[in-house]
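Enquirer: this is the structure alone, sequence omitted:
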Ligand code: F7E
């Protein structure tokens, strides 16, 4: 019998890659989605209708729906990826963030217990490097103390500890993957990497004049999301439930990400000035293409994330460098250059059609 996996947050970047990964492994995959009048299923549209891929309605804010889905699916593995995952948004919606990212985790664990699956169902919790926050050591590993530095991180810290508590109190097989930033061509457009690769592609093709960013000096450990979902699965295949840091082990600044993305889009940038006056200038034309805006600064910002993935390498046999930073940026820029080119072609066709309709060439 095929194993059954339930993925919350299936419509997100990680949910879509994990679904593909588990389907390839022969799993029966159940994705949990929320009812919405807006279509947000773009990332999983290609999977809908596949024999082993099913969607069920449920919400981390609604215990009854979780119990109903879990009782019906009776999963062997649950991947709890659903969250309010935007750090900046968590300052504007802290209560909602706490409800979903903290209490939501508890609701999943309790639903599993209430369905009588505590001894058989393994649970993966999407934890985060944001727990290290205002970092107390560099690089960060599984023993580094936490210092959460946003409402998002504080909520996620509850999620992390409640998973540990259920592991110890009820002997449940539940684990956290402490994932550092992981990006891809499917990344949401308001996270800094995707915002940059899309803007670089639009600027290179004459569809945007400037990119406004916040803290250019912020340091991150960026990996490829497609590689990271394999770890989620590996963590649940171990003999003992444990938590793991998943990171690339390489650190870059937002500024460096920007320079490389523009380079792959065919523009050589150089940064001049400091703080709010820093600007990214096109070396060839002297035009200012990147500026700093206070709108993208956070009340408290995490500025030095750098993961040590030694344990994952050693115990999971995982290669943190199977996609390098340079390859990641290139994959994202290539994708967005093509996306912008298609948008331009569509716009061109639409404008021509409007003109032909006006002139009566086509009716
Ligand atoms: O910011 C700085 C910003 O929003 C990265 C989530 O997946 O990873 C993600 O959280 C850095 C921060 O991701 C802009 O201040 C500068 O220092 O791409 P981000 P994040 O906050 O690191 C962790 C692991 C998670 O768990 C989260 O769910 O970039 N930054 N200028 C900017 N950030 C944004 N978004 N926009 C800017 O214009």
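Expert: That came through fine. Quick caveat, the model's predicted, so the values are computed rather than measured.

Enquirer: which residue, other than its chain neighbours, is closest to the residue of the stretch 251-363 of the chain found nearest the ligand?
Expert: The nearest approach of the stretch 251-363 of the chain to the ligand comes at residue 296, 3.6 Å away (C-beta to the nearest ligand atom). (Glycine included, C-beta is placed from N, CA and C.) The spatially closest residue to residue 296, leaving aside those adjacent along the chain, is residue 214, at 3.0 Å (C-beta to C-beta, 6 or more residues apart in numbering).

Enquirer: what does residue 108 give?
Expert: What sits nearest to residue 108 in space, not counting adjacent residues and going by C-beta to C-beta, 6+ apart, is residue 80, at 5.2 Å.

Enquirer: returning to that earlier point: now do the contacts for the residue of the stretch 251-363 of the chain closest to the ligand.
Expert: 88, 212, 213, 214, 215 (C-beta atoms under 8 Å, 6 or more residues apart in numbering).

Enquirer: so which of these are also by the ligand?
Expert: The subset of these lying close to the ligand, counting by C-beta under 6 Å from any ligand atom, consists of 88, 213, 214, 215.

Enquirer: for those residues, give me a markdown table that also has pLDDT and distance to residue 186.
Expert: Below are these laid out as a markdown table (pLDDT from 0 to 100; distance: C-beta to C-beta, whole Å):
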| residue | pLDDT | distance to residue 186 |
| --- | --- | --- |
| 88 | 98 | 20 |
| 213 | 98 | 21 |
| 214 | 98 | 23 |
| 215 | 97 | 24 |
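
Enquirer: out of those, who's the most crowded?
Expert: residue 213 (23 neighbours; other C-beta atoms under 10 Å).

Enquirer: skipping its backbone neighbours, what lies nearest residue 264 in space?
Expert: residue 333 (4.0 Å).

Enquirer: re earlier: quick one: the residue of the stretch 251-363 of the chain closest to the ligand and residue 18, what's the gap?
Expert: Between residue 296 and residue 18 the distance is 29 Å, computed by C-beta to C-beta, to the nearest Å.

Enquirer: so residue 105 touches residue 161, yeah?
Expert: No - between residue 105 and residue 161 there is no contact, the gap being 9.5 Å when judged by C-beta atoms under 8 Å.

Enquirer: these two: which is more packed in?
Expert: For the pair residue 105 and residue 161, the greater number of neighbours falls to residue 105 (30 against 15), based on other C-beta under 10 Å.
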